[in-house]
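Novice: got a sequence here, can you build the structure:
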Amino acid sequence: MGRGRARSAAVVVGALAAIGALIYFAVQHRGRERAAGGASGAVDPPRVGRAPSRAPALPLIRLSEASVSAEQAAKFGELSGRVLSTANGRPVARAALTFAHGGAVFNVAADDAGAFRLAAAEPGTYQLASLTAAGYLSFAPELGHSPIAFEARAGTRVRGLTLYLTPAVEYRGVVLDPAGKPIAGAEVVRLEPLDGEPDRFASDERGEFRFHALDDSVFEARHAGFSPARARLDLAAQLSKRLTLRLRPAAAESPRTAIAGVVVDARGAAVDGALLLAISEQDSDAPAAEARAVSGADGRFTLTDLEPGAYAVTATQRGLAPARAEHVAAGTRELRLVLRAGGVLRGTVRSASGPLAAFTILMRERRGALERGEDRAESFVDAEGRYEVRGLPPGSYAVSAIAHGHARSAERVVELAPPQSPGDAVDGIDFTLGRGGRVTGKIVDAQTRAPIAGARVSLESGPDSETPLPVFAGTSSDAAGEFALGGLEPGLRTIMAAAEGHHTRLLSGLRVESDGDLGPLTVELTPVDPGEEPHVELAGVAAVLKAEGDALVIVQVMPGGGAAEAGLAGGDRVLAVDGAPAAELGFSGAIERIRGPEGTQVVLRVKRGDAAPLDVPVTRKRVISTPGK
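Specialist: Numbering: from 1, shown residues only. Down below sits the predicted model:
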C-alpha cells in the first residue's frame, strides 16, 4: 500500500493534457472510472466490488541500497542507516523514527549526522511507523498501514539504509472569483491530511494563504455566493510555488452530508483501524472530491463534509483484501464493507552477487496484454532478500521488483485464486535484477547557458504508481548542473527535466544499453517569462492514448499535431508501431516507439470501427503543452 492515487491509464504522446499528472502514465481519477464502466449521472444502488488501497498521501522517501553483515552482537537483528534531505542530500539532524512490532512501538533518534540504529527486541517484522524532523514533511501513515517493513533476523545487521525526508517548502495559494479577482475570507481545505500541518486555511485581503503540502495534494476553496473550486498541487504549482483556486459561478447547492457505515471481516467481526476513502464519481475536469476516515473499535466510520452525489467508497486494512462499494449516495447511513482474506505472494529478490537487502515489489492488476488496472507497492528491508505480500484480491497480476541502482525487472504474470485457507500462498515468485544502464548530462538555462542546480531529473515512463518509495529512477542536478541517472531498463527511454522558474523538458528516443552509459547530454530548459504559465516541451505525435485490451486507444488528438494532420481521431485503435505489435511492446514500450526526434516519422497500424487496419505514417512534431489547454 502506498501513496498511490487511482489514475487513468491514459498517457499523452507528444503533449500532456495536464502538467500536474506527474507526467507518468496518468491524467485524472475519473478517466480510469470511465474506462472501467464508471457511473452515469444517476445515482445507482450501491454495488460492492473490489479495489486497491489508496492511503493518505505520504512524503517521498527514497530507498537506497543496503549491505548485510553477520554479527553475533546483533542478537535479534539490527538495522542502521542515515536520514538525508531530498533537497540537497545533507543529513537531517535529530530525526525521530518510530518502528512498530508486535503491538509495541520502538523509538529511535538519529544523531546530528542523521545516523540511526535500531536493535530489534526480538526477530520479526518491524514497520516504519513514522519518520519526522523539524522543518520537514512527516512520514506518518496510519498505524499498521506503513508500506515499509524491516525483517529482523538473529545475528544479522543490515547497514547503509538511507531514508529521505522532504523539506517543508512554503507555497503561496490564491483564491480568485470567476472573473479572476482575489477573494478574501475564503475557506480552503486540504483534502488529504498531513501529519503535523494545518488542513484548513483562510484567504487574506489579497486572496492569499500560505501552506506546506505534498506533491499532488488536492485543495478545495469555498466562499458564500460561489460554487467551490478544487485544484491539485501539480508539477506546475510545485515549480512556481503557487496554487490557484478559481471559484465557480454560484449554483443551487444542497447542504453537505456524510456517508456512514461499518467495516467487518468475513466472520462479521468489526475491523478496527481500517482506512476509508470516498471519491466522487461525478464526471468533472476538476480533481475529484474526496473524504477520508478510520474505522473505530466497533468498525464504524463516518465520511463527512460530502457534496451531494455518488461516491466510490474503499476500505483497506493491511493483510486483508480491500473492499469497495460504488455508486454510494451521499447521505447513506448504513454502508457495510466486508474485508476478506486475500491472496499471499512470496519470493526473493537478488542481484547477480546475492540477495538484495532493500527493494520494492510492484503489483499491477492485469486486465489484458496492454491494459493494467490498479496497483500496489510494498517495500522490504531483509538480509535474505525475502518478501511476503498479503491481502491481494483474486485476479491476474503483473508483478515486478525494483531496487536502487538496479533496472526494474520484467513483469511476471501471476494468477491468484480465492484462498481456500488463510495460509494459502503463491511461492517462488523470484526476481534477479541487473544493474541496467545510466544516462549522464548537464542541465543548463537555454538563454544564459548557466548550469541549473537542483533540477529534478527522472525517468518519465515509469510505472503508474506513487508510493513513499520510488518505483522510477530519479535524481537532482548538482551545483554544476550535472546529473547521473542510473538503474535504467534497457531500451528506448524518455527522461524528464524540471526546475523552478523554467519550462519542463522531455527528451525521448534515448536508447539505454544494459550496463552502458549514455551521455553526457546537455539539456536546455527555457526560462518562464513573468506572468507565463509553465509548460512541457517534447516531440511526438500530439495524441492522448490509453491501454485497452491488446491495443492503444486514442482518447484525444491535439490540434496542429502530427496525429491530427494524419487524420487520426478519438476512438482509433493503434495495433502496431513501426510493424511491432503493441501487445508485444507493452504500454510503455509502445509509447517510447511512438515518440522520437522532431521531424521524423512513425508508422502506426490503426483500426477504425469495423474497417480493415491501415498503416498510417505520422510525423513527429515539437509540442508545447500548457496547463488547462
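Novice: CA atoms for contacts and neighbours, from now on please.
Specialist: OK.
Novice: can I get the helix or strand where V553 lies in CSV? Just the C-alpha atoms.
Specialist: Per DSSP states H and E: V553 is located in strand 551-557. Listed next in CSV are the C-alpha coordinates belonging to strand 551-557 (Å, rounded to 0.1, in the frame of the first residue of the first chain):
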residue,chain,number,x,y,z
ALA,A,551,-4.4,-2.1,-28.3
LEU,A,552,-3.7,1.6,-27.6
VAL,A,553,-6.9,3.6,-27.9
ILE,A,554,-6.7,7.3,-29.0
VAL,A,555,-8.5,9.4,-26.4
GLN,A,556,-7.8,12.8,-27.8
VAL,A,557,-5.9,14.3,-30.7
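Novice: packing partners of that strand?
Specialist: Counting by 3 or more C-alpha pairs under 8 Å, 6 or more residues apart in numbering; DSSP states H and E, the packing neighbours recorded for strand 551-557 are strand 543-548, strand 573-577, helix 582-585.
Novice: now these as JSON lines including distance to A73, mean pLDDT and mean neighbour count?
Specialist: JSON lines is the format used below for the helices and strands packed on strand 551-557 (distance: least, C-alpha to C-alpha, whole Å; pLDDT from 0 to 100; neighbours: other C-alpha atoms under 10 Å):
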{"stretch": "strand 543-548", "distance to A73": "53", "mean pLDDT": "86", "mean neighbour count": "25"}
{"stretch": "strand 573-577", "distance to A73": "58", "mean pLDDT": "94", "mean neighbour count": "24"}
{"stretch": "helix 582-585", "distance to A73": "50", "mean pLDDT": "89", "mean neighbour count": "19"}
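Novice: what's the closest of these to E384?
Specialist: Between E384 and the helices and strands packed on strand 551-557, the shortest separation by C-alpha to C-alpha is 33.3 Å, and it involves helix 582-585.
Novice: so, low pLDDT: which residues of the stretch 351-500 of the chain?
Specialist: Applying pLDDT under 70 to the stretch 351-500 of the chain picks out residues 422-423, 460-473.
Novice: in CSV, list the helices and strands packed on strand 551-557 along with distance to V92.
Specialist: Formatted as CSV, those follow (distance: least, C-alpha to C-alpha, whole Å):
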stretch, distance to V92
strand 543-548, 41
strand 573-577, 48
helix 582-585, 43
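Novice: picking that back up, the strand holding V553 pairs with which strands, and in what direction?
Specialist: Its sheet considered, strand 551-557 pairs with strand 543-548 (antiparallel), strand 573-577 (antiparallel) by DSSP bridges.
Novice: residues of the helix or strand just after it that come out buried?
Specialist: Following strand 551-557 in sequence order, the next helix or strand is helix 562-565 (DSSP H and E). Residues G562, A563, A564 are the ones in helix 562-565 that count as buried (16 or more other C-alpha atoms under 10 Å).
Novice: which helices and strands does helix 562-565 pack with?
Specialist: Against helix 562-565 (3+ C-alpha pairs under 8 Å, 6+ apart) you get strand 614-619.
Novice: repeat the analysis, applying 10 Å as the threshold.
Specialist: strand 543-548, strand 551-557, strand 601-607, strand 614-619, strand 621-625 (3 or more C-alpha pairs under 10 Å, 6 or more residues apart in numbering; DSSP states H and E).
Novice: what's the burial count for G395?
Specialist: For G395, the neighbour count with other C-alpha atoms under 10 Å is 14.
Novice: which residues does it contact?
Specialist: Neighbour list for G395: G343, E365, R366, R367, V414, E415, L416, A417, P418 [criterion: C-alpha atoms under 10 Å, 6 or more residues apart in numbering].
Novice: for the stretch 51-200 of the chain, which segments count as strands?
Specialist: Taking DSSP state E, counting those that start in this stretch as the test, the strands found in the stretch 51-200 of the chain are 67-70, 78-85, 96-101, 104-109, 115-119, 124-132, 148-152, 156-165, 171-176, 187-190, 200-202.
Novice: give me whichever of those strands is most buried.
Specialist: strand 148-152 (a mean of 24; mean count of other C-alpha atoms under 10 Å).
Novice: nearest approach to I594 belongs to which of the helices and strands packed on strand 551-557?
Specialist: It's strand 573-577; of the helices and strands packed on strand 551-557, that one is closest to I594 (C-alpha to C-alpha) at 6.7 Å.
Novice: how close does S514 get to L433?
Specialist: Separation of S514 from L433 (C-alpha to C-alpha, to the nearest Å): 11 Å.
Novice: what sits in contact with each of these two?
Specialist: Contacts common to S514 and L433, judged by C-alpha under 10 Å, 6+ apart, are A407, G487.
Novice: which of these two has more neighbours?
Specialist: L433 (21 against 17).
Novice: the more buried one contacts E411, correct?
Specialist: No. The criterion here is C-alpha atoms under 10 Å, and L433 misses it with E411 at 11.8 Å.
Novice: what is in contact with these two at once?
Specialist: A401.
Novice: for the nearest residue to R242 once chain neighbours are set aside, list each beta-bridge partner.
Specialist: What sits nearest to R242 in space, not counting adjacent residues and going by C-alpha to C-alpha, 6 or more residues apart in numbering, is R172, at 4.9 Å. Under DSSP bridges, the beta-bridge partners of R172 are R210, R242.
Novice: just checking, R172 touches L239?
Specialist: No. In this structure, R172 is not within contact of L239 by C-alpha under 10 Å, at 11.7 Å.
Novice: measure the closest residue to G343 other than its chain neighbours to E411 for me?
Specialist: Computed as C-alpha to C-alpha, 6+ apart, the closest residue to G343 that is not its neighbour in sequence is L392, at 4.7 Å. Separation of L392 from E411 (C-alpha to C-alpha): 17 Å.
Novice: looks to me like L239 is in a strand.
Specialist: No. Read with DSSP: H, G, I helix; E, B strand; the rest coil, L239 is helix and lies in no strand.
Novice: distance of it relative to P527?
Specialist: 12 Å.
Novice: what is in contact with these two at once?
Specialist: A499, E500, G501, H502, H503, T504, P534.
Novice: which one of those residues sits closest to R248?
Specialist: Comparing the shared contacts of L239 and P527 against R248 with C-alpha to C-alpha places P534 closest, at 23.3 Å.
Novice: using the three-state scheme, assign that closest one.
Specialist: coil.
Novice: from G586, how far off is it?
Specialist: 31 Å.
Novice: so between these two, which is more surrounded?
Specialist: Per other C-alpha under 10 Å, whichever of P534 and G586 has more neighbours is P534, with 25 against 18.
Novice: ok, that one touching H503?
Specialist: Yes. Using C-alpha under 10 Å, P534 makes contact with H503 at a distance of 5.1 Å.
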